[in-house]
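Student: Fold the stuff below for me.
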Amino acid sequence: MATKKDIKKREMKLDKSLGFFRFKEMKDGGYLITNELGRFVFLANDQFAEFINGKIDHDSDIFRELSENYFMAEGLDSKQHVAEYTEKNQFLFQKGPSLHIIVVTLRCNHNCVYCQANSCGLEEKNKDLDMESARKVVDFIFESPNESLTIEFQGGEPLLNWPVVKFIVGYARKKAKQKSKKIRIALVSNFSLLDKEKADYLFKNKVTFCTSLDGPEKLHNKNRIWAGGNSHQAAAKWLEYLLANYKNYYVFQPGALTTITKFSLPFWKEIVDEYVKFGFDNIILRPLTQLGVAQKGWQKIGYTPDEFLEFYRKSLDYIFFLNLEKGEKFRELTATYFAVKIFLGADPNFFDLRSPCGAGIGQMLYNYNGDIYTCDEGRMMGDDMCKIGKLGDSYKDLLTHPATKSLCLASCLESLPCDNCAYKPYCGTCPLLNYAESGNIFPQLPNSSRCRIYQGILDYLFSKIKENDKIKALLRDWAVGGMLILNEHKEKCILCK
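Tutor: So this is what the prediction gives:
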């Protein structure tokens, strides 16, 4: 008598008429098959068996669906297939880094429980970027052959070094005009030191604002401790001002980011409601990363992937409810990035969800002391592992540095076990998050926390796409809307990196 193992072997003897595919058995039965373009088809158990054995009726609807999505070798238009694959991965042809992060100071007046930057106290003024170094940083940024550049101020708290921020804004605008390049400038700040004079100057110079908003006041203040006052009230005050005035200056809507700690998990509804209250049309529910202070205090503020996924599913279901039952136009951005890949076969160039990631080749970070790192996470490692040079080094040396090459290799999904995963066309990995968790830039799949989180999110999205036509249509709308926004400003800011 044939065993189940024998039957499985016979079933997996693939027919030569099939195109390339990956597959995943779904929890509620049936299979999801995907290919390199991100095309997907759901198959019932019997359909899957017929598919892999080349026995699907050529006159059936499912055969036509498989053929239209490049799952059948017969009649495959290889030129069209290659053109779509090239378009999907157009970021690979990007000419040099587009995102340039400048740490103008490591000092900060907040003491956030999850601080990844290892910020220091206000008295350590030797941790500020000086004016001459600032000039050299901007000069170096404009050596990038990329025609569209984004400069993003990070910290510490950037406004503690306001004279240098102001200088860089003016000097970068001047350089962009001289070099005929598109330039976008973004300030990431806690807003506690913002005033009307600074806000109006930044508005007039087309600077985009972004802050942290972790939810309602009590939760936000628990995560983001400020000895000088109420951190939520400071952020809320200036968010209201900026949101009321940004359209007058033709800049993009101010943004906000939420970081999910253990304290956040019970408040999924309240966090979403806080963003709706301010008039935002999106939120990104970011899992905590084990970098900086967050790594040291993980037992207090961390959680398991399953705990985060429970929070995420509740949040997303509530967001679906707000859209479908209450008429709100409100998106969750991680789901939106995945939806762009799933429905449009495009890549939103979100650095953590592409292969390879953006370290060194899509972004660079310039530290307060002139050191240059592959990315924001690179400087957060607390050592020189991802330091690729310093001001004065050649642009070529930085791009060809061993750290740049290593991170590029370690984030190419084709060289990882990810290549066997049905979700490979939609996913990506950050080697430095892998290193922080396991001591290895190559992920310990499928056990790494971020891998389990992304798989869980995609499991949930595909189950909704399969079962609920209204949610499927909503996710498709999110994808189209997301791409319209990204095409409007292809220079990526912190909301897209």
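Student: which secondary structure element contains residue 175?
Tutor: Taking DSSP states H and E as the definition, one finds residue 175 inside helix 162-179.
Student: tell me which residues of that helix are tucked away?
Tutor: 162, 164-165, 167-169, 171-172, 175-176 (16 or more other CB atoms under 10 Å). Placement of C-beta: from N, CA and C, glycine included.
Student: same question, stretch 314-324
Tutor: Applying 16+ other CB under 10 Å to stretch 314-324 flags 315-316, 318-320, 322-323 as buried.
Student: Dump those to JSON lines, plus pLDDT.
Tutor: Output for the buried residues of stretch 314-324, formatted as JSON lines (pLDDT from 0 to 100):
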{"residue": "315", "pLDDT": "98"}
{"residue": "316", "pLDDT": "98"}
{"residue": "318", "pLDDT": "98"}
{"residue": "319", "pLDDT": "98"}
{"residue": "320", "pLDDT": "98"}
{"residue": "322", "pLDDT": "98"}
{"residue": "323", "pLDDT": "98"}
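Student: quick revisit: dump the helix or strand that the helix holding residue 175 is followed by to CSV, restricted to CA.
Tutor: Next along the chain after helix 162-179, taking DSSP H and E as the criterion, comes strand 182-188. Extracted in CSV, the C-alpha atoms of strand 182-188 (Å, rounded to 0.1, in the frame of the first residue of the first chain):
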residue,chain,number,x,y,z
LYS,A,182,15.4,67.6,-7.1
ILE,A,183,15.7,67.9,-3.3
ARG,A,184,13.4,67.0,-0.5
ILE,A,185,14.1,67.8,3.1
ALA,A,186,12.5,66.2,6.1
LEU,A,187,12.8,67.0,9.8
VAL,A,188,12.2,64.2,12.3
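Student: partner strands of strand 182-188, parallel or antiparallel?
Tutor: When pairs are called by DSSP bridges, strand 182-188 turns out to pair with strand 148-154 (parallel), strand 207-212 (parallel).
Student: Check the offset of the helix holding residue 175 from the chain's centre.
Tutor: Here helix 162-179 is found 27 Å from its chain centre; the criterion is CA atoms, centre = their mean, to the nearest Å.
Student: What's the mean pLDDT across it?
Tutor: For helix 162-179, the mean per-residue pLDDT is 97.
Student: now it and strand 207-212, what's the angle there?
Tutor: If you take axes from the mean of the first three to the mean of the last three CA atoms, to 10 degrees, helix 162-179 sits at 140 degrees to strand 207-212.
Student: How far off centre is stretch 273-292?
Tutor: 13 Å.
Student: Could you give me the buried positions within it?
Tutor: 274-275, 280, 282-285, 287-292.
Student: Then stretch 418-429?
Tutor: In stretch 418-429, counting by 16+ other CB under 10 Å, buried: 418, 421-429.
Student: Can you list which of these are found in strands?
Tutor: Among the buried residues of stretch 418-429, DSSP state E puts none in strands.
Student: Which one of those residues is nearest to residue 141?
Tutor: residue 428 (24.7 Å; CB to CB).
Student: who are the neighbours in contact with that closest one?
Tutor: Going by CB atoms under 8 Å, 6 or more residues apart in numbering, residue 428 touches 350-355, 357, 411, 413.
Student: Please flag which of the buried residues of stretch 273-292 sit within strands.
Tutor: 282-283, 285, 287.
Student: what's the closest of the buried residues of helix 162-179 to residue 480?
Tutor: residue 176 (30.5 Å).
Student: quick one: that closest one and residue 183 touch, right?
Tutor: Yes. Using CB atoms under 8 Å, residue 176 is in contact with residue 183, at 3.8 Å.
Student: which residues are in contact with both of those two?
Tutor: Common contacts of residue 176 and residue 183 (CB under 8 Å, 6+ apart): residue 149.
Student: on that earlier part again, got JSON lines for the buried residues of stretch 418-429, with distance to residue 263 and pLDDT too?
Tutor: Formatted as JSON lines, the buried residues of stretch 418-429 follow (distance: CB to CB, whole Å; pLDDT from 0 to 100):
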{"residue": "418", "distance to residue 263": "32", "pLDDT": "89"}
{"residue": "421", "distance to residue 263": "32", "pLDDT": "95"}
{"residue": "422", "distance to residue 263": "34", "pLDDT": "97"}
{"residue": "423", "distance to residue 263": "30", "pLDDT": "97"}
{"residue": "424", "distance to residue 263": "34", "pLDDT": "96"}
{"residue": "425", "distance to residue 263": "35", "pLDDT": "96"}
{"residue": "426", "distance to residue 263": "30", "pLDDT": "96"}
{"residue": "427", "distance to residue 263": "28", "pLDDT": "95"}
{"residue": "428", "distance to residue 263": "28", "pLDDT": "94"}
{"residue": "429", "distance to residue 263": "27", "pLDDT": "93"}
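Student: Closest to residue 243 out of these?
Tutor: residue 428 (31.0 Å).
Student: So the closest one versus residue 176, what's the distance?
Tutor: 30 Å (CB to CB, to the nearest Å).
Student: what do you get for residue 197?
Tutor: For residue 197, the distance to residue 176 - CB to CB - is 24 Å.
Student: same check, this time on residue 320
Tutor: Residue 320 is 41 Å from residue 176, by CB to CB.
Student: just residue 258 next, same as before
Tutor: As for residue 258, its distance to residue 176 is 32 Å (criterion: CB to CB).
Student: Same check on residue 436?
Tutor: Relative to residue 176, and taking CB to CB, residue 436 is found at 35 Å.
Student: And for residue 95?
Tutor: Relative to residue 176, and taking CB to CB, residue 95 is found at 16 Å.
Student: Now do the buried residues in stretch 290-307.
Tutor: 290-295, 301-303, 305.
Student: Report the mean per-residue pLDDT for that stretch.
Tutor: Mean predicted lDDT for stretch 290-307 stands at 94.
Student: what comes into contact with it?
Tutor: 112-118, 261-263, 265, 288, 377, 380-382, 432-433, 436-437, 449, 452-453, 456.
Student: where exactly do the strands run in the stretch 251-400 of the chain?
Tutor: Ranges of strands in the stretch 251-400 of the chain, per DSSP state E, counting those that start in this stretch, are 255-260, 282-283, 285-287, 331-332, 363-366, 371-373, 387-390.
Student: want to throw the ones you listed into a markdown table with mean pLDDT and distance to residue 443?
Tutor: Below are these laid out as a markdown table (pLDDT from 0 to 100; distance: least, CB to CB, whole Å):
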| stretch | mean pLDDT | distance to residue 443 |
| --- | --- | --- |
| strand 255-260 | 96 | 21 |
| strand 282-283 | 96 | 27 |
| strand 285-287 | 96 | 15 |
| strand 331-332 | 97 | 24 |
| strand 363-366 | 97 | 20 |
| strand 371-373 | 98 | 21 |
| strand 387-390 | 97 | 22 |
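Student: closest to residue 150 out of these?
Tutor: Here strand 363-366 is closest among those (CB to CB), at 8.8 Å.
Student: which helices and strands sit right next to that closest one?
Tutor: When contacts are defined as 3 or more CB pairs under 8 Å, 6 or more residues apart in numbering; DSSP states H and E, strand 363-366 packs onto strand 99-103, helix 131-141, strand 371-373, helix 376-380.
Student: how far out from the middle of the chain is that strand?
Tutor: Distance, centroid of strand 363-366 to centroid of chain: 16 Å (CA atoms, centre = their mean).
Student: Kindly report the same for stretch 378-388.
Tutor: Centroid displacement of stretch 378-388 relative to its chain, using CA atoms, centre = their mean, is 20 Å.
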